[in-house]
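Chemist: quick one: sequence and predicted model below, then my questions.
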Amino acid sequence: MSYDLVIIGSGPAGYVAAVRAAQLGFRTAVIEKGPIGGVCLNWGCIPTKALLKSVEVLNTARKAETYGVRLPGKAEPDLAAIVSRSREVASQMAKGIEFLFGKHKVEVIHGRGSVIAPGKVSVEDKVIEAKRILIATGSKPNSLPGASIDGKRIIGYRQAMVPKTIPATMAVIGSGAIGTELAYFYHCLGTKVTLIEYMDQIVPTEDENVAAQLSRSFRKAGIKIMTSAGVKSAEKFVKGCRLEVETRKGTEFIEADVVLSAVGVVPNTANMGLEEAGVQMTRGRIIVDKNFMTSVSGIYAAGDVLPTPALAHLASAEALCCVERMAGLEVPDVDYDNIPGCIYATPEIASVGLREKDAKKKGIDIRIGKYYFTASGKAAAAGERDGFVKLIFDAADNRLLGAHIIGAHATEMIGGLVASRGMQIRDHDLVHSVFPHPTMSEGIMEAAAIACDQITQ
């Protein structure tokens with residue numbers, strides 16, 4: 001059977017590409033060896049947010065009296081129910097993707113796909129022909145050489161999301177989105193957590209002021225944080241693990257019941273026949289042109305298999321651009337300078353564009369406006385006063401260069417700033433925009449006003 005487009009992988013790049021391709025009239029098939037929806041839907045973005053919502057409710061119940069509400073007894077986590085709810089949410093979303101595939105007549109072929117040659121893909125014992133092939137196989141957890149994942153004492157995010165018991169102690173290696181969110185989740189369950197980061201700040205891709213605020217919030221909550229700390233080795237025992245950690249002060253040993261390795265991801269590109277087919281790669285990642293075509297005509301790639309940030313929303317954007325250009329549509333390039341990043345712990349973090357130190361390295365004269373939520377009426381009413389909005393403007397033309405938010409609902413607020421930055425919005429545009437009161441989003445207007453020396457409060 002022949003198709004206009006065969007997509008290998010059904011995650012945020014694969015399923016978005018499939019639906020759009022079908023809408024554009026392509027006869028489309030998706031090859032998937034696992035559950036529909038890929039890692040994001042089944043083991044990443046969606047189920048982790050369900051887990052975090054459960055502990056948000058748990059924490060609200062624990063401090064109900066501060067809101068004038070008395071609850072009988074003590075709020076305790078029901079681990080089995082928390083995990084079950086998370087898996088059910090993921091299952092519901094997978095069914096939604098399956099519905100879309102059926103609606104748009106996207107054929108699903110179950111099995112492991114590999115490229116035989118341009119225009120030919122093998123799945124198990126079948127050979128499928130396609131005018132175009134899109135590689136969207138995503139990524140998998142990375143491991144440190146001295147602390148490889150065994151699924152028991154040293155676990156990856158998949159095992160961390162379906163615990164059968166709550167460990168008394170846990171060491172988390174890596175403080176990116178995965179490590180930070182799961183460290184917070186286990187802390188809320190009652191686990192004593194140590195968060196270990198090799199770089200000199202946690203959440204190393206974020207603005208240093210944001211990282212400092214999160215560090216204060218985590219330490220205040222009781223999470224131990226180690227920065228400039230490299231894990232050299234791991235000694236496993238029947239009931240735990242001991243990490244050898246090199247710090248500025250020398251070698252330290254950290255003992256924990258469970259170690260979570262959250263040191264990033266690696267692309268799923270091995271043993272797919274890509275290099276044999278002539279696809280150019282670097283360190284397992286696929287090189288593409290602006291149309292997302294590889295070095296081999298007719299073979300494309302999008303998402304975590306590329307040397308671009310491993311973000312679900314970026315994968316979808318790349319896939320959409322790729323498919324629409326296949327169809328001959330004139331669409332803008334993916335703006336890699338305007339891709340938001342989000343971390344869903346408490347407080348939440350959301351950012352887009354340049355950090356302060358990046359702008360200074362580029363020699364850009366900047367103005368900064370920072371508004372603390374301690375002055376926000378909505379934050380005070382909600383009991384969520386930690387954090388701030390930090391906006392960075394070009395002093396020469398007043399354009400918004402970067403936006404950094406840490407606090408409640410930060411991930412919901414960043415979208416407007418992504419659009420604003422993309423539209424070359426200037427500081428006075430934000431100052432003169434009327435934001436609803438009282439809201440956390442007023443902090444955006446206030447930060448812009450501070451940058452303009454037009455403080456409204």
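Modeler: On my side now, so go ahead.

Chemist: map the structural domains onto the sequence of this protein.
Modeler: The chain is divided into the following domains under automatic domain parsing: 2-141+266-336, 154-263, 347-451.

Chemist: next, name the residue at the spatial heart of the protein.
Modeler: If you average the C-alpha coordinates of the chain and look for the closest C-alpha using CA atoms, centre = their mean, you land on L311, 5.2 Å from that point.

Chemist: is it true that it touches I339?
Modeler: Yes. With contacts defined as CB atoms under 8 Å, L311 counts as touching I339 at a distance of 6.6 Å. For glycine as for every other residue, the C-beta is placed from the backbone atoms N, C-alpha and C.

Chemist: quick one, phi psi at the residue nearest to the centre of the chain?
Modeler: Summarising the backbone geometry of L311 under the convention degrees, to the nearest 10, its torsions are phi -130, psi 140.

Chemist: over to the one 10 residues further on?
Modeler: Comment: the main-chain dihedrals of C321 come out as phi -60, psi -40, following degrees, to the nearest 10.

Chemist: thinking again about what came up before, so which of the domains of the chain comes closest to A147?
Modeler: A147 lies closest to domain 154-263 among these, at 3.9 Å (CB to CB).

Chemist: now the end-to-end length of the closest one.
Modeler: Looking at domain 154-263, the gap from its leading to its trailing residue is 12 Å under the measure CA to CA, to the nearest Å.

Chemist: do you know how far the residue nearest to P309 when sequence neighbours are not counted is from A310?
Modeler: The shortest distance from P309 to any non-neighbouring residue, by CB to CB, 6 or more residues apart in numbering, is to I339 (6.6 Å). For I339, the distance to A310 equals 11 Å [CB to CB, to the nearest Å].

Chemist: looking at those two, which is more packed in?
Modeler: Here I339 and A310 are compared on neighbour count by other CB atoms under 10 Å; more neighbours surround A310, at 20 against 17.

Chemist: run through the residues that contact the more buried one.
Modeler: Neighbouring residues of A310 by CB atoms under 8 Å, 6 or more residues apart in numbering: S139, G264, V265, D304.

Chemist: could you do H110 as well?
Modeler: By CB under 8 Å, 6+ apart, the contact list for H110 reads I31, E32, K33.

Chemist: L354 now?
Modeler: Taking CB under 8 Å, 6+ apart, we find L354 in contact with K362, I364, I392, L401, G402.

Chemist: and R325, by the same measure?
Modeler: Under the contact definition (CB under 8 Å, 6+ apart), the residues listed for R325 are N291, F292, V331.

Chemist: which stretches of the chain have low pLDDT?
Modeler: With pLDDT under 70 as the threshold, the chain has low-confidence stretches at 1, 455-457.

Chemist: just checking, next helix/strand downstream of the helix or strand hosting K236?
Modeler: In this structure, K236 is located in strand 230-237 according to DSSP states H and E. Using DSSP H and E, the helix or strand that follows strand 230-237 in sequence is strand 240-247.

Chemist: now the helix or strand just after that next one and strand 230-237, what's the angle there?
Modeler: Next in sequence after strand 240-247, counting helices and strands by DSSP H and E, comes strand 250-256. Inter-element angle recorded for strand 250-256 and strand 230-237: 40 degrees (by axes from the mean of the first three to the mean of the last three CA atoms, to 10 degrees).
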